[in-house]
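> I'd like to go over a predicted model; first the sequence, then the structure.
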Amino acid sequence: MLGRLRPVLVRVVPTVCLVVGSVGCRSVPDPAPSRSPDPRPIIDAAGEPFVAEPAKDEPTATAEAEAEAESKTEAGAAEPGPPHDVGGEINERYAEQQNPRRWALQFEREGREVFDHRDQILDLLALREGMTVADVGAGTGLFTLALAERVGSRGRVHAVDVQAYFLDHIGQKARKAGLRNIELVRATQDSVGLPEASVDLVLMCDAYHHVERPAAYLASLLAAIRPGGRLFVVDYIAIEGKSEAWLLDHIRATPAEFRAEIEGAGFAFVRAHEGLLEQNFVYEFERP
Ligand SMILES: C[S@@+](CC[C@H](N)C(=O)[O-])C[C@H]1O[C@@H](n2cnc3c(N)ncnc32)[C@H](O)[C@@H]1O
């Protein structure tokens, strides 16, 4: 691992390591080579700005439906157990279209619920100066830079993603903004890539359902969080009979099932933050 306080961007090939004021780098294989363009419409929980009728991609699930699913869980409908692995199709667009500006148009756009409510989502985290936090599945860094500002120069933010080009993009944004407390970490589908007990808080926004091997990943996530530290999972509400077909295809579980598998991995459920979002749930967990 490179030194923690290098002030310039560093790229080591074939291992990718990017530096913004300080360095974090975990070695993983390079992404699959790009394939030819796929004519299918892009279907992603973050919404698709390039399809003719984006409105049909809006989910219809409500908090009421979520509560229904929640009570089913309490009645034993979603028993805790190791989650199944997910096919790589869930992430193939990110491997195929390695253009962060294209993804920024999709992730950082008005009308995307988590973008419209990004400041309120950050308020829920109750961040304090000096904290060490991780933005896991950081993408184009919608939350990363704001997290870095909130934890201040004594704090640290790990921007974690499996795609090197997203990390590179965040590194460039951070340098432009003069933020030196962001560390870029390349994860794998089996591990978040953070040292044991190294972070106070993890935010996973629209990212948990992208984890392809959730059982292994959750174990690494639990280990990376300090005892008493917290995990916030923000993700789409997908409920049979309530949500649209594309969403049910894309999101593999109900909020209750996601909660059950995260608890099954050893996290303690703290609370559901309700009343802010309609299309997404916000669950807070703690490492006991
Ligand atoms: C829909 S984007 C969300 C980006 C950002 N959190 C946001 O809300 O704008 C999902 C991100 O998760 C990343 N991802 C997929 N699997 C991952 C994993 N196992 N660990 C970390 N990031 C992962 C993808 O590369 C992508 O950047």
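That came through fine.

> under the pLDDT cut-off, which ranges of this protein? List them.
1-81 (pLDDT under 70).

> so which residues of it form helices?
Taking DSSP state H as the criterion, the chain carries its helices at 63-74, 92-96, 100-107, 113-116, 118-124, 144-151, 164-177, 214-224, 245-250, 255-264.

> nearest to Thr188, out of the ones you listed?
Closest approach to Thr188 among the helices of the chain (Cβ to Cβ): helix 214-224, 8.7 Å. The way it works is simple: take the backbone N, C-alpha and C, and place the C-beta from them, glycine included.

> other residues contacting the closest one?
The contact list for helix 214-224 (Cβ atoms under 8 Å, 6 or more residues apart in numbering) reads 82-86, 134, 136, 189-199, 202, 208, 211, 231, 261-262, 265-267, 287.

> just the buried members of those residues?
83, 86, 134, 136, 189, 191-194, 198-199, 202, 208, 211, 231, 261-262, 265, 267, 287 (16 or more other Cβ atoms under 10 Å).

> which residue does the stretch 51-200 of the chain have closest to the ligand?
Using Cβ to the nearest ligand atom, the closest approach of the stretch 51-200 of the chain to the ligand is made by Gly139 at 2.5 Å.

> for burial, what's the neighbour tally of that residue?
By other Cβ atoms under 10 Å, the residues close to Gly139 number 26.

> the contacts of helix 214-224: which ones sit near the ligand?
Subset of the contacts of helix 214-224 in contact with the ligand: Val136, Gln189, Val211, counting by Cβ under 6 Å from any ligand atom.

> show me what from the stretch 51-200 of the chain comes close to the ligand.
Near the ligand, when you scan the stretch 51-200 of the chain using Cβ under 6 Å from any ligand atom, you find 91, 94, 107, 114, 136-139, 142, 160-163, 166, 187, 189.

> strands - which of the buried ones among the contacts of helix 214-224 land there?
Using DSSP state E to define strands, the subset of the buried ones among the contacts of helix 214-224 located there is Ala134, Val136, Val199, Val202, Leu231.

> thinking again about what came up before, how about CSV for the helices of the chain, with distance to Gly275 added?
Listed next are the helices of the chain as CSV, based on distance: least, Cβ to Cβ, whole Å:
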stretch, distance to Gly275
helix 63-74, 8
helix 92-96, 31
helix 100-107, 24
helix 113-116, 13
helix 118-124, 10
helix 144-151, 21
helix 164-177, 30
helix 214-224, 26
helix 245-250, 21
helix 255-264, 15
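
> just tell me which of the ones you listed ends up closest to Gly130.
Smallest distance to Gly130 across those (Cβ to Cβ): 6.7 Å, for helix 144-151.

> what is the orientation angle of the closest one with helix 164-177?
Helix 144-151 runs at 50 degrees relative to helix 164-177, counting by axes from the mean of the first three to the mean of the last three Cα atoms, to 10 degrees.

> run the chain-centre distance for helix 144-151.
Distance, stretch centre to chain centre, for helix 144-151: 15 Å (Cα atoms, centre = their mean, to the nearest Å).

> what does stretch 264-279 give?
Centre-to-centre, stretch 264-279 and its host chain are 15 Å apart (Cα atoms, centre = their mean).

> tell me which residues in it are buried?
Of all the residues in stretch 264-279, those buried under the rule 16+ other Cβ under 10 Å are Gly264, Ala265, Phe267, Ala272, His273, Leu277, Gln279.

> ok so, going back, which of the ones in strands among the buried ones among the contacts of helix 214-224 sits closest to Leu147?
Ala134 (8.9 Å).

> is it true that the closest one touches Leu201?
Yes - counting by Cβ atoms under 8 Å, Ala134 touches Leu201, with 7.5 Å between them.

> neighbours around Trp246, how many?
Using other Cβ under 10 Å, Trp246 is surrounded by 18 other residues.

> before we move on, back to that, now list the buried members of the residues of the stretch 51-200 of the chain next to the ligand.
91, 94, 107, 114, 136-139, 142, 160-163, 166, 187, 189.

> can you pick out the most distant pair from those residues?
Maximum pairwise distance among those (Cβ to Cβ): 22.5 Å, between Val114 and Gln189.

> how close does His158 get to Gly229?
To Gly229, His158 is 13 Å away according to Cβ to Cβ, to the nearest Å.

> which neighbours do the two share?
Val199.

> higher neighbour count, these two?
His158 (26 against 21).

> ok, that one to Leu201 distance?
11 Å.

> any common contacting residues for those two?
Thr132, Val133, Ala134.

> residue contacts, the nearest residue to the last one once chain neighbours are set aside?
So that's Ala134. Nearest in space to Ala134, with sequence neighbours left out and distances taken as Cβ to Cβ, 6 or more residues apart in numbering, is His158 at 4.1 Å. Contacts here follow Cβ under 8 Å, 6+ apart; on that basis His158 touches Gly24, Thr132, Val133, Ala134, Asp135, Ile182, Glu183, Leu184, Val185, Leu194, Val199.
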